[in-house]
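In: here is my input; please provide its structure:
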Amino acid sequence: MSVSNPAPHKVAIVVDAALPAGLAANTASVLALTLGRQVESIIGPDLKDADGSAHVGITTVPLPILTADADTVKAIRNRAVREHDDVLTVDFTDCAQRTRTYEDYAGLLEAATDADLAYLGVALYGPRKQVQKLTGSLPLLR
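Out: All right, here's what the predicted structure looks like:
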């Protein structure tokens, strides 16, 4: 899915609340980078300050990082994939955390069933109502 207008849409990143701070930050970073690649114009244009110094464009939409227990993260991911075709769903599994190369990750993922996978996080991008329905009132990562 490649989307060109993020304005009427919402983003939510949900990470496993049991992850240590470093792994939670890594999970959220990977998910945010992937969203940036998938959603056109989610990153604004480069800007200049009053002194003429350049600043690379940043996200144009809020990126709340929410938390939930592992079962809820997996349930959100699976509901989004199965019930919401209009929501871009990016997931990050334990397969990625256990490997050092993308090829190793691909091999582990291709051999795993959904029952085998632990979802460390999920990023959602879609219509506000749909994303809100999936994430409810989950707390912010603190």
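In: got a list of what the residue nearest to Asp69 when sequence neighbours are not counted touches?
Out: Counting by CB to CB, 6 or more residues apart in numbering, Asp69 lies nearest to Ala17, which is 5.8 Å off, once chain neighbours are set aside. In this view, the C-beta of every residue, glycine as well, is placed from N, C-alpha and C. Applying CB atoms under 8 Å, 6 or more residues apart in numbering to Ala17 gives the contacts Thr67, Ala68, Asp69.
In: now which of the residues you listed would you call buried?
Out: Taking 16 or more other CB atoms under 10 Å as the criterion, what is buried in those is Thr67, Ala68.
In: and the helix or strand of the chain with the lowest mean pLDDT, which residues are buried?
Out: In the chain, no helix or strand scores lower on mean pLDDT, DSSP states H and E than helix 94-97, which sits at a mean of 91. By neighbour count with 16+ other CB under 10 Å, helix 94-97 contains the buried residues Asp94, Cys95, Ala96.
In: now swap in stretch 122-132 and tell me
Out: Neighbour-count burial for stretch 122-132 [16+ other CB under 10 Å]: Val122, Ala123, Leu124, Tyr125, Gly126, Gln130, Val131.
In: pLDDT below threshold where in this structure?
Out: 1-7 (pLDDT under 70).
In: quick revisit: need the buried residues of helix 94-97 in JSON lines (columns: distance to Pro45).
Out: Listed next are those as JSON lines, based on distance: CB to CB, whole Å:
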{"residue": "Asp94", "distance to Pro45": "37"}
{"residue": "Cys95", "distance to Pro45": "35"}
{"residue": "Ala96", "distance to Pro45": "31"}
